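J.: Sharing a sequence plus its predicted fold:
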Amino acid sequence: MTEAHTHGVEELCAEGLSLYTRALREGQVPAEDAKSTPCLVDLGLLHPDVADPQCLQPVAPASVLHRLLRSSAERIADERRREERLETVFAPLLRLDGSRTAATGSPTITVLGDKEHINQAISEAMAAATDELLAIQPGANRDSRLTHEAEAIALVRDQALLDRGGRIRTLYQHTQRYSPLALSRYEQLRGDAAARTLDEVTERLIVIDRTVAFIPANADRTRALEVRHPALIDYFVTTFDRLWHLATPMYPEAVRQPTLNGITARQRAIAGLLVEGHTDAVVANRLGMNIRTARVHIAKLAATLGSGSRAQLGYLIGRSGILDQRE
């Protein structure tokens, strides 16, 4: 097809129509004249003259149209036969139990790629919630301004759920027992809200109405997984319930952790990690405190047990029996 005639193969340009009209009138046209209008040959309206290969003869338009329509019908028939073959192949597969396949309507696990989408998804789930919010909130050193902004948004969402008759259960690390931020939010909430603490908790977890859960998808929590798989939701809820029963009440009525033989509950938790061989940094991270605070507790523990070195401290911890006193 020449540059001047770049129309579709099933179209006829004005120049081609003029040449075809001339061919009908004269009975043939020189093949050279049709070089600028290849659409006539492509459509089959002109074909070589058997007696004179240098000329082209016109073909009756009704004959050409019939041939093109027949070809189109054959292509349609081929596609229909292909559809029937696909239906035959997939028929037994469609009869199989599809309970273990991914849902086509709504995926059971969705990756939320940034904090904006995470907050939006949680807000939407909370707006539809009517029964319960279960949350595990590990301690972390974060920008206080961002923390207060996030808490303000969460406070509104939580209060709306409580106003609809729902309840809230939150697990914190023990380091949050004296956090002004954590305590103030419960003082502001009105309704069935309770909080407990543990020395160590899992990574962040939010379960809403036991139908959707949110967990971190990377270490810095800038991505999250929105989980709607029933089996995983049941697992998260069971884990939360077991941790909840092991935890120490913080709100609405705080229970003081016991001090045994001069060793606080926090120091016993640290002692357990020390005898496992963990460094100060690991101890601090596991218990949700900064390393300076961890070292202060370690120093007090060493002083109470009369230890003069790190190696001796491990020995004295084992000998003292304080780990057997942990609840």
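T.: Alright, I've got the coordinates.
J.: which stretches of the protein aren't confidently modelled?
T.: 1-10, 97-107, 140-148, 254-261, 315, 324-327 (pLDDT under 70).
J.: if I pick Leu316, what's in contact with it?
T.: Leu305, Gly306, Ser307 (C-beta atoms under 8 Å, 6 or more residues apart in numbering). The C-beta positions use only the backbone N, C-alpha and C, and glycine is treated the same way.
J.: Please give me every residue in contact with the residue lying closest to the last one once chain neighbours are set aside.
T.: Among residues not flanking Ser307 along the chain, Leu313 sits closest, at 3.9 Å (C-beta to C-beta, 6 or more residues apart in numbering). Contacts for Leu313 (C-beta under 8 Å, 6+ apart) come out as Leu274, Ile298, Leu301, Ala302, Leu305, Ser307.
J.: if we can go back for a sec, who wins for most neighbours among the contacts of Leu316?
T.: The most crowded member of the contacts of Leu316, judged by other C-beta atoms under 10 Å, is Leu305 (20 neighbours).
J.: In this structure that one contacts Ser320, no?
T.: Yes. Assessed by C-beta atoms under 8 Å, Leu305 is found in contact with Ser320 at 6.0 Å.
J.: mind listing the strands for the stretch 1-150 of the chain?
T.: Per DSSP state E, counting those that start in this stretch, the stretch 1-150 of the chain carries strands over the ranges 29-30, 46-48, 55-58, 109-112, 132-137.
J.: So which residues make contact with the shortest one?
T.: Strand 29-30 is touched from outside by Leu19, Arg22, Ala23, Leu46, Gln54, Cys55, Leu56, with contacts defined as C-beta under 8 Å, 6+ apart.
J.: which one of the residues you listed has the most neighbours?
T.: Leu46 (27 neighbours).
J.: Got the phi and psi for Arg167?
T.: With angles defined as degrees, to the nearest 10, Arg167 sits at phi -130, psi 160.
J.: so who does the closest residue to it other than its chain neighbours touch?
T.: Closest residue to Arg167 apart from its sequence neighbours, by C-beta to C-beta, 6+ apart: Asp192 at 3.9 Å. If a contact means C-beta under 8 Å, 6+ apart, then Asp192 has Leu162, Gly166, Arg167, Ile168 as its contacts.
J.: is it possible to export the residues you listed to TSV including distance to Met250 and neighbour count?
T.: Output for those, formatted as TSV (distance: C-beta to C-beta, whole Å; neighbours: other C-beta atoms under 10 Å):
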residue	distance to Met250	neighbour count
Leu162	17	16
Gly166	20	20
Arg167	16	14
Ile168	13	19
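J.: Could you pull out the helices in the stretch 51-200 of the chain for me?
T.: Assigned by DSSP state H, counting those that start in this stretch, the stretch 51-200 of the chain shows helices spanning 61-94, 115-128, 144-163, 180-188.
J.: Using JSON lines, lay out these together with distance to Arg204.
T.: Shown next, in JSON lines, are the helices of the stretch 51-200 of the chain (distance: least, C-beta to C-beta, whole Å):
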{"stretch": "helix 61-94", "distance to Arg204": "39"}
{"stretch": "helix 115-128", "distance to Arg204": "11"}
{"stretch": "helix 144-163", "distance to Arg204": "12"}
{"stretch": "helix 180-188", "distance to Arg204": "14"}
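J.: Quick one, which of these gets closest to Val41.
T.: helix 61-94 (11.4 Å; C-beta to C-beta).
J.: which of the residues in that closest one are buried?
T.: For helix 61-94, burial by neighbour count (16 or more other C-beta atoms under 10 Å) applies to Val64.
J.: Offset the numbering so it begins at 540, please.
T.: Done: numbering now begins at 540, and the last item shifts to helix 600-633.
J.: in the sheet, who's paired with the most centrally placed residue in the chain?
T.: In the chain, the C-alpha nearest the mean C-alpha coordinate belongs to Val650, at 1.5 Å (C-alpha atoms, centre = their mean). Here Val650 sits in beta bridges with Leu764, going by DSSP bridges.
J.: which ones are touching it?
T.: Contacts of Val650 (C-beta under 8 Å, 6+ apart): Ala756, Arg762, Ala763, Leu764, Glu765.
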